[in-house]
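A.B. asks: Here is my input; please provide its structure:
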Amino acid sequence: MKYEIEQIQNLEEEINNFEKSKKIYSYINEVEKQIKDKFVPQETLDWIVWAKEYAFKLNPLNEKLPTYIQGDKAIDFNEYMNKSFY
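C.D. replies: As a prediction, this is how the structure comes out:
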């Protein structure tokens, strides 16, 4: 049960970070549209680079794929996909 609670908490945190990352990328895209073909301060360009790096780091899928832990062992993906859920 302890692992199940941790899995749920990790999943919810990863989803929140994934969604936040997508929102940041969307915001950056809007900023880039606003400044297209305009002269902008270097600080704005530096902010765009920083924001993209932050969004990348925030996205949990850029670090590793999610895993399901049962006790001390990770579940093999092929084994998982062969399970029947119906």
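A.B. asks: Pick out the residue nearest the middle of the chain.
C.D. replies: Asn59 (2.0 Å; C-alpha atoms, centre = their mean).
A.B. asks: Touching, it and Asn16? I think so.
C.D. replies: No - using C-beta atoms under 8 Å, Asn59 is not in contact with Asn16, being 11.3 Å away. C-beta here means a position set from N, CA and C on the backbone, and glycine is covered the same way.
A.B. asks: so how many other residues sit close to Asn17?
C.D. replies: Using other C-beta atoms under 10 Å, Asn17 has 17 other residues around it.
A.B. asks: for Ser21, same thing?
C.D. replies: Using other C-beta under 10 Å, Ser21 has 19 neighbouring residues.
A.B. asks: now swap in Glu30 and tell me
C.D. replies: Glu30: 10 surrounding residues under other C-beta under 10 Å.
A.B. asks: Check which helices and strands the strand or helix carrying it sits against.
C.D. replies: According to DSSP states H and E, Glu30 maps onto helix 2-35. Judged by 3 or more C-beta pairs under 8 Å, 6 or more residues apart in numbering; DSSP states H and E, the packing partners of helix 2-35 are helix 42-58, strand 69-70.
A.B. asks: Provide a list of residue ranges in this structure with pLDDT below threshold.
C.D. replies: Scanning the chain for pLDDT under 70 picks out 69-86.
A.B. asks: could I get the helices and strands packed on helix 2-35 as a markdown table with distance to Ile8 and mean neighbour count?
C.D. replies: Putting these into a markdown table (distance: least, C-beta to C-beta, whole Å; neighbours: other C-beta atoms under 10 Å) gives the following:
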| stretch | distance to Ile8 | mean neighbour count |
| --- | --- | --- |
| helix 42-58 | 20 | 13 |
| strand 69-70 | 12 | 12 |
